[in-house]
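[1] Got a sequence here, can you build the structure:
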Amino acid sequence: MITDVVKGIIAEVIGHGDPNEVSTSMDFEDDLQMDEDDLVEVLEALEAEYDIDLVNLDYSQFKKVKHLISYLKEIL
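    Residues are numbered from 1 along each chain as shown. You can find the predicted model right below:
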């Protein structure tokens, strides 16, 4: 399931052991304290996981975890 994969990758990037602690309603910057480099790391991991190209995305469109999940559901 896309949601579980995304939450797992985010938990790994931020150094949090439990993906269940990552909510889809969380804001990347405010709630998860992630910067652009962290988000790039998440996107790179998703590229590897799904064999897709996310390099040229406008990262600012992903304010919350659910926005990234919605985008992935559209393209996969």
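
[2] So E21 sits against I14, correct?
    No: with contact defined as C-beta atoms under 8 Å, E21 and I14 do not form a contacting pair (9.7 Å). Glycine gets a C-beta too; all of them are placed from N, C-alpha and C.

[3] These two: which is more packed in?
    Taking other C-beta atoms under 10 Å, E21 and I14 do not tie; I14 has more neighbours (16 against 13).

[4] Name the nearest residue to the more buried one, sequence neighbours excluded.
    Nearest residue to I14, sequence neighbours excluded (C-beta to C-beta, 6 or more residues apart in numbering): L32, at 5.8 Å.

[5] Now do the contacts for that neighbour.
    For L32, the contact set (C-beta atoms under 8 Å, 6 or more residues apart in numbering) comprises I10, I14, V22, M26, D38, V65.

[6] Tell me, how many residues neighbour the fourth one?
    Burial of M26, expressed as a neighbour count using other C-beta under 10 Å, amounts to 18.
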